[in-house]
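*Asks:* sequence? don't have it. structure:
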């Protein structure tokens, strides 16, 4: 029997980059995967199709994380059609990098809506019906602990907020056996953060392992936390960054 067989997994931003790798890995482990997208419909549907072609179960649904009503509706629809969600992976996020003096209130509201509020909204929608051994896993960033460079204020602020959310929610849901954890990736080779740029070379020079990670590296950790093997890990942030923060 596969580790996640008969589990329902809901993954925001599950159609590209790290999200796609997580969707594929959880499906490979036996979960029925529902992955969301905001704009990249073709990519999301391609991921779902690949999962199905490999014998798994998956569907792609439109739900922009900036819209709490749309996100909640997608979750409720999943629960109605498939049953309670066992595994919530909040992966969708954005980066706004600009000089602090040029920030606007709109920048703040946008990044906090997607990187923080959507995490809260998804958990709030999932938790009431989540089974007693459920899993809530949030994808944050190692930059919550190490800003690395300038023009990161909005992003690091939003990602640092997830630590408090994770710890508090772990206490709130622990009596039900639900675990809540935060995965903090560092330099991961994706289309949004390619490993062949000047920035990538700079980051490599500061890493213990001297190379970028992959979406599969993150997906492996998420699969472990989602499985029975991860049942005693909760309320913690796990940094996976090749030693950049070491």
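*Replies:* Arrived safely, thanks for sending. Note that the structure is a prediction, hence the values are computed from the model and not measured.

*Asks:* identify the residue nearest residue 112 in space, chain neighbours excluded?
*Replies:* Nearest residue to residue 112, sequence neighbours excluded (Cβ to Cβ, 6 or more residues apart in numbering): residue 158, at 5.8 Å. For every residue, glycine as well, the C-beta is placed using N, CA and C.

*Asks:* pull the longest helix from this protein.
*Replies:* helix 153-173 (DSSP state H).

*Asks:* residues touching that one, excluding its own?
*Replies:* Residues outside helix 153-173 that contact it (Cβ atoms under 8 Å, 6 or more residues apart in numbering): 93, 95-97, 100, 103, 107-108, 111-112, 115-116, 119-120, 123, 127, 130, 134, 136, 138, 140-141, 143-145, 147, 179-182, 184, 234-237.

*Asks:* try it again with 6 Å
*Replies:* Applying Cβ atoms under 6 Å, 6 or more residues apart in numbering, the contact partners of helix 153-173 are 95-96, 100, 111-112, 115-116, 138, 140-141, 143-144, 147, 180, 182, 234-235, 237.

*Asks:* buried subset of those?
*Replies:* Listed as buried from the contacts of helix 153-173 are 95-96, 111, 115-116, 138, 140-141, 143-144, 180, 182, 234-235, 237; burial here means 16 or more other Cβ atoms under 10 Å.

*Asks:* please flag which of these sit within helices.
*Replies:* Under the assignment DSSP H, the buried ones among the contacts of helix 153-173 contribute residue 111 to helices.

*Asks:* which of the buried ones among the contacts of helix 153-173 lies closest to residue 68?
*Replies:* Nearest to residue 68 among these, counting by Cβ to Cβ, is residue 116 at 11.8 Å.

*Asks:* now the helix or strand of the chain with the lowest mean pLDDT: buried residues?
*Replies:* Ranked by mean pLDDT, DSSP states H and E, the weakest helix or strand in the chain is helix 198-206, scoring a mean of 86. Buried residues in helix 198-206, counted by 16+ other Cβ under 10 Å: 200, 203-204, 206.

*Asks:* hmm, back to that, and the average pLDDT for the longest helix of the chain is what?
*Replies:* If you average the pLDDT over helix 153-173, you get 98.

*Asks:* roughly how far is it from the heart of the chain?
*Replies:* 13 Å (Cα atoms, centre = their mean, to the nearest Å).

*Asks:* equivalent analysis for stretch 81-91, please.
*Replies:* Using Cα atoms, centre = their mean, the offset of stretch 81-91 from its chain centre is 13 Å.
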